[in-house]
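A.B. asks: Prediction below, plus the sequence it came from.
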Amino acid sequence: MGFYSIAIDGPSGAGKSTMARAVAAKLGCVYLDTGAIYRTVAYHMILMGISPKDRDGVNRLIDDVNIDIRFPGDGVQHMILNGFDVTDELRTPEMSRGASQVSAHPAVREVLLDLQRDMAKKNNVVMDGRDIGTVVLPDADVKIFLTADVKVRAKRRLAELQARGEKTTFAEVLADLEERDERDSTRAVAPLRCAPDAVRVDTSDCGIDESVRRILAVVEEKLAL
Ligand code: DC
């Protein structure tokens, strides 16, 4: 028997990781956060003094990036970069922006494709990202496109950042999300798009529990559980 795969795509701050985690917990499958892979690449570039925007610089270094993904059972997806666990360095505004910038370079996307597809070949997975249903796993059994109004997303992201002690404002978070939305949806390779066969779920007007319920209903119907 083959493995099933569930793709959850959508813009930054739509709640993809919360939904993906809930679905994976319910089904007992692997949850792969693909944004963390792009964040790890951005971290490497910044560490090496290369701007994530610098296409030539990034292309020169991309082959030095060795990424290992581990799930040691603490509920956290650990990102190992060239032997070092960099998980705790990845969720800052600088890495969010850097990940969006490196992810626009075709060579980066190409290198990361196999890593992502390999996970789906060997496991039942729910993966969240921007191009999972369109490019990485075009044959995914379930495709969800999760969206919410940008102001709602900014409010949620602000609360998340403040809870982690980051000093920022609503205006800053909103500008950052708008910039990422624009870059992620207009890049030439694998832009953020709703796959034609994806189910679009807008969570602007509903809380986490209701969103999870709606998504689980789609998953259960498609997987015929
Ligand atoms: O989901 P996230 O915020 O951690 O993703 C960070 C950036 O990585 C996002 O702005 C665009 C890029 N990304 C991508 O291009 N494709 C993916 N499948 C996942 C993330």
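C.D. replies: Alright, I've got the coordinates. Numbering: from 1, shown residues only.
A.B. asks: how about the closest residue to Met127 other than its chain neighbours, what does it touch?
C.D. replies: Among residues not flanking Met127 along the chain, Leu32 sits closest, at 4.6 Å (Cβ to Cβ, 6 or more residues apart in numbering). For every residue, glycine as well, the C-beta is placed using N, CA and C. Residues in contact with Leu32 (Cβ atoms under 8 Å, 6 or more residues apart in numbering) are 69, 77, 116, 119, 125-128.
A.B. asks: quick one: Phe170 and Lys155 touch, right?
C.D. replies: Yes - Phe170 is within contact range of Lys155, at 7.1 Å (criterion: Cβ atoms under 8 Å).
A.B. asks: which of the two has more neighbours?
C.D. replies: A count of neighbours by other Cβ atoms under 10 Å puts Lys155 above the other of Phe170 and Lys155, at 16 against 12.
A.B. asks: SS state for the residue nearest to Met127?
C.D. replies: When classified by DSSP: H, G, I helix; E, B strand; the rest coil, Leu32 comes out as strand.
A.B. asks: how about whichever helix or strand Met119 is part of against the ligand, any contact?
C.D. replies: Element membership of Met119 [criterion: DSSP states H and E] is helix 106-122. No - judged by Cβ under 6 Å from any ligand atom, helix 106-122 and the ligand are separated, with a smallest distance of 7.2 Å.
A.B. asks: Now do that helix: which elements does it pack against?
C.D. replies: If you count contacts as 3 or more Cβ pairs under 8 Å, 6 or more residues apart in numbering; DSSP states H and E, helix 106-122 packs onto strand 30-33, helix 35-47, helix 55-61, strand 67-70, strand 125-129.
A.B. asks: and these, which is most packed in?
C.D. replies: strand 125-129 (a mean of 28; mean count of other Cβ atoms under 10 Å).
A.B. asks: Just the CA atoms of it, as CSV, please.
C.D. replies: The C-alpha trace of strand 125-129 is given here as CSV (Å, rounded to 0.1, in the frame of the first residue of the first chain):
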residue,chain,number,x,y,z
VAL,A,125,2.3,13.0,5.6
VAL,A,126,0.7,16.4,6.0
MET,A,127,2.9,19.1,4.6
ASP,A,128,2.4,22.8,4.7
GLY,A,129,4.0,25.4,2.5
